[in-house]
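Engineer: Sequence and predicted structure are below.
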Amino acid sequence: MSVTYHLQALTGVSEKPWANHSAGAAQILKSRGHTGPQDEFESKLLLSLRGPVIVEGLISPRVCLSQQEWQDLVLNAGDGDSIDGQMMRNMARLPNLLNRGRDALQLPQSSESEVMHILNEVEALKEASQPVLDAFRERIQDHRQSTSCEHTPGLHRFWRVMHAHYARSFALQLAVDIILNSSLTALGSVKVDLAMESSKMSEEIVQLAEEVKEYRPLGALYMVICLTLAWLGAGNEESKSQILDLLLEHQKDTNGATSSVSASGLDWIEKRFMLK
């Protein structure tokens, strides 16, 4: 199924690389029930599925899992207490939390206290995500400073593999934090620095996109969603324009030279994460 995601993206048969297949994967996992991995193969299979399913759950209403099912998806002994595992566990709390926030803001019967309760939950999730974000930032900064050019060829290849992995994890966490800040703004947070934070994180995603150009297309497919969220968090029109240019480059990798950035798609993303 993971191979299918990549083939679908690379052949350009869908404007949303994880559409349909991730929703189908979510239904398989839902039918599977509340059981942990039965063996090492199943553990690795769940590890490979959870990222695409969570991302699809954030951007698409078609993935509907209970909070227990989301937790079952990410509780995997394969990554223990690693920062990558912590990121996934935090991300698994987000789809239903955003849905509840959206309902609280839109449904007439929702009370102010209900909105405030959800606001507090999002703030708690942001607080839990901060040390993970800091650890990702420190990890890739340390890796950048290592003297990869002096390695033997074999070690240089390993350096590149780890750089690609560190960049992906960091970019995804930055994107998640932009979502959290957008949601906090929508829920009425009084914090005045959310827009500035998002702008800085948007710039970091742009830097990462430049760094991982050599891994395109297969090693940078995730940048389509990350750059879209960088656009959402950008602080000015000039930055948004630069991000759209980068996003178009990545979309051409999957949809061909005639690809274009969908204005309606960007509008939909903005409304979704501003809880409209």
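Structural biologist: Nice, I can see it.
Engineer: what's the domain layout of the chain?
Structural biologist: Structural domains assigned to the chain are 1-78, 111-273, following automatic domain parsing.
Engineer: which stretches of the stretch 151-276 of the chain have low pLDDT?
Structural biologist: Filtered on pLDDT under 70, the stretch 151-276 of the chain yields the residue ranges 151.
Engineer: repeat that with 80
Structural biologist: 151-156, 254-255 (pLDDT under 80).
Engineer: ok, now the stretch 1-150 of the chain?
Structural biologist: Checking the stretch 1-150 of the chain against pLDDT under 80 turns up 1-50, 72-80, 147-150.
Engineer: can you pull out the strands in this structure?
Structural biologist: Using DSSP state E, the strands of the chain do not appear at all; there are none.
Engineer: So which residue is dead centre in this structure?
Structural biologist: Nearest to the mean C-alpha position of the chain, by CA atoms, centre = their mean, lies residue 172 at 4.2 Å.
Engineer: My read is that that residue contacts residue 222, right?
Structural biologist: Yes. Residue 172 is in contact with residue 222 according to CB atoms under 8 Å; the separation is 6.6 Å. (C-beta placed from N, C-alpha, C; glycine too.)
Engineer: rewinding a little: what sits against the residue nearest to the centre of the chain?
Structural biologist: Shown here is residue 172, whose contacts under the criterion CB atoms under 8 Å, 6 or more residues apart in numbering are 51, 87, 91, 222, 226.
Engineer: List buried residues within the residues you listed.
Structural biologist: Using 16 or more other CB atoms under 10 Å as the burial test, these include 51, 87, 91, 222, 226 as buried.
Engineer: So which of those residues sit within helices?
Structural biologist: Restricting these to those inside helices, with DSSP state H as the criterion, leaves 51, 87, 91, 226.
Engineer: Now residue 70: closest residue in space that isn't a chain neighbour?
Structural biologist: Spatially, and ignoring its direct neighbours in sequence, residue 70 is nearest to residue 92 (4.2 Å; CB to CB, 6 or more residues apart in numbering).
Engineer: Could you report the neighbour count for residue 266?
Structural biologist: For residue 266, the neighbour count with other CB atoms under 10 Å is 16.
Engineer: residue contacts, the residue nearest to it when sequence neighbours are not counted?
Structural biologist: Residue nearest to residue 266 in three dimensions, not counting chain neighbours: residue 231, with 6.5 Å by CB to CB, 6+ apart. With contacts taken as CB under 8 Å, 6+ apart, residue 231 has the following neighbours: 202, 240, 243, 244, 247, 266.
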